[in-house]
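**Q** Sequence plus predicted model, see below.
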Amino acid sequence: MRLIGILLTTLLALPAYAGSAGEVDAGSSRIVSADGAVTEILFALGVEDQLVGVDTTSKYPAAANQLPKVGYLRALPFEGVLSLNPDQLITTEEAEPEQTLQRLEQVGVKVTRLPVAQSPEQTLQRITAIGELVNREAEAAKLVSDLQRVFDGIDKKVAAREWAPSVLILLAAGNHGVSFGGSHTGADALLDSIGATNAVSDIRGYKPASREAIISANPDAIIVAETAPGQFRITDWPELAQLPAWKNGHRYVGDSMLLLSFGPRLAEAMLAIDQILPEGPRPENTFASNHGD
């Protein structure tokens, strides 16, 4: 119970992120990471030797797949995490269930729940926060500086662009099918970061993709985010293949964690998308109306 009291004090003192208190040697602690982007940041900061376990969303870099898996971010098992004897659990506000997190705090595990990042600025803030947690402030500062240079360059291109391209993002999730990335999603936030508009902004959240809506959207560019390589087959979506954006090469198919997690590879994702955007608006055409039935 003493740790819970310290946690409340820490929450008030550190509004940038929420975490339980506890005396942990950041240079030698045993860390469990429960978030793919958090895991990537820890590797990027050079503390992978302190990682004793990760969640199932942690698939990059390849070395993360060699670590024990503690379960899914939103369904963390108390026994599974505790069996790894961690000093710290670093996760995000998406982590569940709350009971597991509270029980871990009660037995002395330092639990840090970082805000979900959905902008370049928030990504940099998360890197800085994790650097402080693991005593890698200098490494975090360098990573932040490197990413900021890329972000600044993209911001200049966005400012010089005299139009906002319409982009369709599809999430291909294996047995869960293919979904539109609508408003209030990481997909929407990614498009905002590169000065693009969401072709399905009238849809909220991730919703099953429909062939009619694909034709109606008729975007300037198309992004397919795969939760595993090869989960999207264009032969299954002939309507998408007929869109001018797809035919003209304004498309990108890639790793969903790269594209949507707002981790240390965010600059890479933004540059990849920027390269597939058309240079200017397409001449007005009647594709959607001609294919509406």
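**A** Received, thanks. Numbers count the residues shown, from 1 in each chain.
**Q** Pick out the residue nearest the middle of the chain.
**A** Relative to the mean C-alpha position of the chain, the nearest C-alpha, by CA atoms, centre = their mean, is the one of Ser261, at 0.7 Å.
**Q** correct me, but it touches Ala37?
**A** Yes. The pair Ser261 and Ala37 qualifies as a contact (CB atoms under 8 Å) at a distance of 4.0 Å. For the C-beta atoms, the positions are set from N, CA and C on the backbone; glycine is no exception.
**Q** Report how many residues lie close to Ala267.
**A** For Ala267, the neighbour count with other CB atoms under 10 Å is 18.
**Q** For it, which non-adjacent residue is spatially closest?
**A** Counting by CB to CB, 6 or more residues apart in numbering, Ala267 lies nearest to Val150, which is 3.8 Å off, once chain neighbours are set aside.
**Q** Glu96 too?
**A** Arg74 (4.6 Å).
**Q** list the contacts for Val253?
**A** Going by CB atoms under 8 Å, 6 or more residues apart in numbering, Val253 touches Ile223, Val224, Glu226, Phe232.
**Q** can you check Tyr60 too?
**A** Contacts for Tyr60 were tallied using CB under 8 Å, 6+ apart; they are Gly36, Thr39, Glu40, Asp255, Met257, Leu258, Arg265.
**Q** The first one: what's it in contact with?
**A** By CB under 8 Å, 6+ apart, the contact list for Gly36 reads Asp55, Thr57, Ser58, Lys59, Tyr60, Met257, Ser261, Gly263.
**Q** Let me know the closest of the residues you listed to Val70.
**A** Nearest to Val70 among the contacts of Gly36, counting by CB to CB, is Asp55 at 5.7 Å.
**Q** what separates the closest one from Gly181, distance-wise?
**A** Asp55 sits at a distance of 22 Å from Gly181 (criterion: CB to CB, to the nearest Å).
**Q** what about the helices in this structure?
**A** 2-13, 36-44, 78-82, 98-106, 120-133, 137-160, 186-193, 211-217, 238-242, 244-247, 256-260, 266-276, 287-290 (DSSP state H).
**Q** Redo the ones you listed as CSV? Include distance to Arg204 and mean pLDDT.
**A** Formatted as CSV, these follow (distance: least, CB to CB, whole Å; pLDDT from 0 to 100):
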stretch, distance to Arg204, mean pLDDT
helix 2-13, 30, 36
helix 36-44, 23, 98
helix 78-82, 33, 96
helix 98-106, 25, 97
helix 120-133, 21, 98
helix 137-160, 25, 96
helix 186-193, 9, 95
helix 211-217, 14, 93
helix 238-242, 22, 94
helix 244-247, 23, 96
helix 256-260, 16, 95
helix 266-276, 22, 95
helix 287-290, 22, 49
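**Q** Thank you kindly, that will do.
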